[in-house]
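[1] Turn this into a structure:
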Amino acid sequence: MQVVLWDIDHTLIATNGVGGEIFGECFQQITGHPMREQATVDGMTEPVIFRKTATLHNLPSTRAMFEDFAACSAERHRLRADELRTRGCALPGAAEALAQIAEVAGVVQTVVTGNIRPVAEIKLGVFGLDTHIRFALGGYGEDDDDRAALVRTAMTRTSQALHTTVVPEDVLLIGDTPADVAAGHANHVQVLAVASGRTTAADLAEAGAHAVINDLTDPLLLELLTRRRHP
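    Next up, the predicted model:
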């Protein structure tokens, strides 16, 4: 068995501003203050982004506040699903890559994302990218602040659900940021970096990605899986 762990934002989809608008709306609802600026989001988990954004505004933040924020975010994503579908997009090759991997025997696909699970499901669902993802096996923003810990969470959940032991050699992590690369290295798993976000291919390679592609139309993804199954 092999496990493919997908990042979501800028790897599989782009919200093209909808996600940021929802963050701002919920930040104001929970803190009572309009959001003047948002903390850096690339590769960060939602609890960290919320906490750092609160700090930028000299506001306190607690776990209870984040949980209220998360509930607001899930509800706003549901209410704005049609807008997300219209303004956002699935990235080139995403649907095809998910479908092609699903045809490879013994490969399981799930997500490791800074999003909370309800938002992850909505984001992929509105673009029809949820069919091959086993969400119950993933790692999400509400599980831990640290992305590396989310990789371990996904490995543990997959092991428990499938009654097997997932070891690092079984795992391929796919993401678009140096934080994804670092999370992979922290867990000794192979990382395929996709330069479809704000980080260049050169910077992803310098961060230590095992392989880098420009987008998911590149056949290297399936080649990597084939090589790993038939070394």
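[2] Next, count neighbours for the closest residue to residue 216 other than its chain neighbours.
    In space, residue 216 comes closest to residue 93 once its chain neighbours are excluded; the distance is 3.2 Å by Cβ to Cβ, 6 or more residues apart in numbering. All C-beta atoms are positioned from the backbone trio N, CA, C, and that covers glycine. Counted with other Cβ atoms under 10 Å, the neighbours of residue 93 add up to 20.
[3] is it true that residue 93 touches residue 220?
    No: between residue 93 and residue 220 there is no contact under Cβ atoms under 8 Å: 11.1 Å.
[4] how about the residue nearest to residue 216, what does it touch?
    Residue 93 sits next to 215-218 when contact means Cβ atoms under 8 Å, 6 or more residues apart in numbering.
[5] Got the phi and psi for it?
    In this entry, residue 93 is assigned phi and psi values of phi 80, psi -10 (degrees, to the nearest 10).
[6] go on, residue 12?
    Phi and psi for residue 12, reported as degrees, to the nearest 10, are phi -100, psi -30.
[7] List the neighbours of the helix or strand residue 223 falls within that are in contact with it.
    In this assignment (DSSP states H and E), residue 223 forms part of helix 220-229. For helix 220-229, contacts defined as Cβ under 8 Å, 6+ apart pick out 2, 4, 97, 100-101, 104, 106-107, 172, 174, 190, 192, 211, 213.
[8] buried set for the one helix or strand residue 86 maps to?
    Counting by DSSP H and E, the element that carries residue 86 is helix 81-87. Neighbour-count burial for helix 81-87 flags residue 84 (criterion: 16 or more other Cβ atoms under 10 Å).
[9] which secondary structure elements does that helix contact?
    helix 18-31, helix 117-126 (3 or more Cβ pairs under 8 Å, 6 or more residues apart in numbering; DSSP states H and E).
[10] re the thing from before, any quick PyMOL command for the buried ones out of the contacts of residue 93?
    Buried subset of the contacts of residue 93, written as a PyMOL selection, criterion 16+ other Cβ under 10 Å:
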select buried, resi 216+218
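[11] Just the ones of the contacts of residue 93 in helices?
    Among the contacts of residue 93, no member is found in helices (DSSP state H).
[12] Dump the contacts of residue 93 to CSV, plus pLDDT and distance to residue 157.
    Formatted as CSV, the contacts of residue 93 follow (pLDDT from 0 to 100; distance: Cβ to Cβ, whole Å):
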residue, pLDDT, distance to residue 157
215, 96, 28
216, 96, 24
217, 95, 30
218, 92, 29
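[13] of the contacts of residue 93, closest to residue 56?
    Among the contacts of residue 93, residue 215 lies closest to residue 56 (Cβ to Cβ), at 32.2 Å.
[14] surely that closest one meets residue 194?
    Yes: the criterion here is Cβ under 8 Å, and residue 215 meets it with residue 194 at 6.4 Å.
[15] And the closest residue to residue 7 other than its chain neighbours, how far from residue 168?
    Counting by Cβ to Cβ, 6+ apart, the nearest residue to residue 7 once its immediate chain neighbours are dropped is residue 175, at 3.5 Å. Residue 175 sits 16 Å away from residue 168, going by Cβ to Cβ, to the nearest Å.
[16] between those two, who's got more neighbours?
    The neighbour count for residue 175 versus residue 168, taken as other Cβ under 10 Å, is higher for residue 175 (32 against 13).
[17] my guess is that one contacts residue 196, does it?
    No: counting by Cβ under 8 Å, residue 175 stays clear of residue 196, with 10.0 Å between them.
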